[in-house]
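Student: Provided below for reference: sequence and predicted model.
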Amino acid sequence: MNVSLQGLRRVVIGERLPTARAIHERLPKFLALPIFSSDAISSSAYAIEEILLALLVAGAIGLSYSVSIAVSIGLLFTIVTFSYRQTVAAYPSGGGSYIVARDNLGLYPGLIAAAALLTDYVLTVAVSVASGVDAMVSAVQPLAPYHVHICLLLISLIALANLRGARESGWLFAPPTYLFIASALLMVIIGAFKWIVGGEQVAIHAQQNFAAIQPMQAVSLILLLRAFASGCAALTGIEAISNGIQAFRPPESRNAATTLLWMAAICISIFVGLTFMARHFGIVPIQPGTPGYQTVFSQLGRTIFGNGLLYYILQAATAAILVLAANTSFADFPRLSSILARDRLAPRQLANLGDRLVFSNGILLLGVFSAILIVIFRGTTHRLIPLYAVGVFMAFTLSQAGMVVHWLRLKTPQWQWKAAVNAIGATATGIVLIVVGASKFMHGAYIVAIIIPILIFVFSMVARHYMTLRKELTIEGYQIPRALRHAVIVLIPSLHRGVIQALLYAKSISEECEAVNVEISPEEAARLQEMWKLLPIKIPLTVLKSPWRTLPEPIINYIRTIRAERGVDMVTVVLPEFATTRWWHRLLHNQTGLLLKFALMFEPGVVVTNVRYHIREAAHIRQ
C-alpha cells in the first residue's frame, strides 16, 4: 500500500529533486513575470469595476471622475515601483516588508508588516479566484449556481501546481498571463482607434447609457476618496518581486529590478487605458448578484471586440489570469512563512523544503485558509474587496519607512536622493493607508484590523516558546548528572509469542526489569499467573488492580511509585505488539497500545518502546 501511495504521489507532484538542483530551479525574467506579477497585472480586471461601482451612486457626473482617479492611482503605482527598486538594490537576498521593517524599525514593526502581508496573501487568493470565476460566469451564465464549487476546485489545482515546483508552475502560468496582456493591450489599441474614428457616435452612445442612471447623491470628497481607495486594489502584488529575489537567476537584484519595471509599465498601461475606454464608451457597472450580471471587463470586451472570437479569447484569458493571480500569493506566502519560521516566529515545519524544493507546508496552509474565506463570503468579489488592500498598504508604508532609516543609517553613496525616493513612497502609501482604512473600515476592513493583532500575538507566543525551549535545552552551564538508574517494565495483556520477544528485549537492555499486567478480569489474571510459573524466563510478574477497568491510571501510578521508592531515574515501558499482513486486520484488534502511548507521552522520565511480532499468515497456517 505504501508503495502505491508513493507512486501516486510521484505522478501527482513529480519526482523528488535533490538539494543540489535548487540553483537550477531559478527563474528567468520571462517566467518570473507571470509568477510574481500576475496578481498586480490582473488587478485591473476588478479594480476598474470597483472604482465605477463606488462612483455609480453619483450618476454620470460621478463616473466622469473615473479617469482622474485612475491616473492618480497610476502615479501612486509609479512612486511605489521606484521605491521598491531601491529595496531590491539594498536587499539582494530578499527585501520584503517584514525584513526591511524588522532590520530598520524593530521587531514589532516587522511583525506588523508580516501579519499584514500574510493576511493580504490569503485575501489575494480568495479575491483573484472569485474574480476569475466571475469572468467565467459572465461569459457562461449557467455556471452561476456552481460559483463556490468552482472557486474551491481552482484553489486546489493552483496549490497542486505549486507543489510541483516553481519552474513547472512558471511554464504552466506563463501562456495565460501573456495572452491576457496581449488581449488587454489590444483592447486598448482597438478601443482608442474606434474612439478616434467614430468619436461622435461613441459619445452619443455613452450619453445614452449614462442618461439611464439615477444619481442617489452628489459628488463629494468622501465619495471620491472611497472610489480611490477601492481602485487602489490595483497596487496589490507590487511587493511580490522584492520578496522573491532569490527565485531569480543571477544577477538576482538586476533581474528582479528589470522585471519590476516591466510589471509597472504593463499594469499602468492596462489600468489607465481601460478606465479611459470604460468612461468614453459609456460602460455602466452592474451590481453583483443582479440577474444577467457582467463584469466591466466583459462589457468592455463586448463593446470593443463584439461577440466574436476575440471577446471569448479575452474572457478566457481574463478568467485564467485572475485565477492564476493567486499564484503570486502561493509564491510569496510560503516564502515569508519560511522566513518567520527561520526567525522562530512561526512553526518550524513552515521552513522545510518539500520534495520539489518548494515550501510545501506553506502552500497547503495558504490553500486551506483561502478556501475557508471563499466559503465564508460565498465567493463574492465585492464582499471580499473591502478586506483587501489595507494590509498591503500597511506593509508598503512600513517597508518604505524602514528604507528611509536604512539610508540614513548607512549613508552609502547617493543616499540623499535614495532616502528621498523612499520617503515620498512612505508618505504616499501612508496617506493611502489612512484613506483606505477610513473609507473601508465599516465595510469589512475592521476584520483585518482584528486579525493582524491576533497574528502578532501568535508570533510572540511562538517566539516565547522557542526561546524557553532553547534555554531549557542549552548545554551551556549544564552540570552532567551521574549515571542514570534505569528500570524496564513490560506491559502484558496475556502470554503469547509476541510477549516472549518483548521480555527478551527488556532483559537485554536492563537487569532491573519486570512484567506488569493490569487486572481487568480476575479469572484471566489468575490464569496468567499460573502460566507464568511455568515460563523459563525468570522475570517477576506484578499484577495491578484496576477496579474501574482502565489501563493508563494504574500503570502511571505504578511508574511514579517505582521512581519515588526505588530512586529510578528513567523507566522504559515496553509494549508488545503484533503486526498483521493486511491493513484491515488491525481493525479487528484492540488499539490499547496507542491509548497507552498517548497517556504516557507527557509523563516525565518515561520512554515507551514498541516491540513488534510479525504474524506470518502463510496459506498452510490459514488452513
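Tutor: Yes, it's here. Numbering: from 1, shown residues only.
Student: which residues touch the residue of the chain most remote from its centre?
Tutor: Centroid-distance maximum for the chain: Leu534 at 62.0 Å, with CA atoms, centre = their mean. By CB atoms under 8 Å, 6 or more residues apart in numbering, Leu534 lies in contact with nothing. Just so you know, the C-beta spots here come from the backbone N, C-alpha and C atoms, and that holds for glycine as well.
Student: For it, what are phi and psi?
Tutor: Taking degrees, to the nearest 10, you get phi -90, psi -10 for the backbone angles of Leu534.
Student: Repeat that for the one 5 residues further on.
Tutor: Ile539 has phi and psi values of phi -130, psi 130 when expressed as degrees, to the nearest 10.
Student: Please verify my assumption that it contacts Ser508.
Tutor: No: using CB atoms under 8 Å, Ile539 makes no contact with Ser508, being 11.9 Å away.
Student: Poorly predicted segments of the stretch 351-500 of the chain, please.
Tutor: In the predicted model of the stretch 351-500 of the chain, residues 354-357, 382, 385, 388, 481 satisfy pLDDT under 70.
Student: Can you list the residue ranges for strands in it?
Tutor: 486-491 (DSSP state E, counting those that start in this stretch).
Student: List the contacts of Ile69.
Tutor: 51, 55, 224, 227-228, 231, 275.
Student: What does the pLDDT read for the residue farthest from the centre of the chain?
Tutor: As summarised for this prediction, Leu534 has a pLDDT of 85.
Student: what's the spacing between it and Ala515?
Tutor: As defined by CB to CB, to the nearest Å, Leu534 lies at a distance of 14 Å from Ala515.
Student: quick one, which of Ile539 and Ser508 is more surrounded?
Tutor: Ile539 (15 against 10; other CB atoms under 10 Å).
Student: Now do the phi/psi pair for Ile520.
Tutor: Taking degrees, to the nearest 10 as the convention, Ile520 sits at phi -100, psi -40.
Student: That one: what's it in contact with?
Tutor: 546, 549.
Student: Which positions in whichever strand or helix holds Asp39 come out as buried?
Tutor: For Asp39, the host element (DSSP states H and E) is helix 29-42. Buried positions in helix 29-42, judged by neighbour count with 16 or more other CB atoms under 10 Å: 31-42.
Student: now the nearest residue to Ser128 once chain neighbours are set aside: how far from Ile480?
Tutor: Excluding the flanking residues, the one nearest Ser128 by CB to CB, 6 or more residues apart in numbering is Ala325, at 3.9 Å. Per CB to CB, Ala325 is found 57 Å from Ile480.
Student: What separation is there between Ser521 and Arg497?
Tutor: 22 Å.
Student: Asp39 too?
Tutor: Following CB to CB, the distance that separates Asp39 from Arg497 is 62 Å.
Student: will you turn the buried residues of helix 29-42 into JSON lines that also has distance to Gly367 and pLDDT?
Tutor: What follows is the buried residues of helix 29-42, written out as JSON lines (distance: CB to CB, whole Å; pLDDT from 0 to 100):
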{"residue": "Leu31", "distance to Gly367": "22", "pLDDT": "84"}
{"residue": "Ala32", "distance to Gly367": "22", "pLDDT": "85"}
{"residue": "Leu33", "distance to Gly367": "23", "pLDDT": "87"}
{"residue": "Pro34", "distance to Gly367": "20", "pLDDT": "83"}
{"residue": "Ile35", "distance to Gly367": "17", "pLDDT": "79"}
{"residue": "Phe36", "distance to Gly367": "19", "pLDDT": "82"}
{"residue": "Ser37", "distance to Gly367": "21", "pLDDT": "83"}
{"residue": "Ser38", "distance to Gly367": "17", "pLDDT": "80"}
{"residue": "Asp39", "distance to Gly367": "16", "pLDDT": "79"}
{"residue": "Ala40", "distance to Gly367": "21", "pLDDT": "84"}
{"residue": "Ile41", "distance to Gly367": "22", "pLDDT": "86"}
{"residue": "Ser42", "distance to Gly367": "19", "pLDDT": "81"}
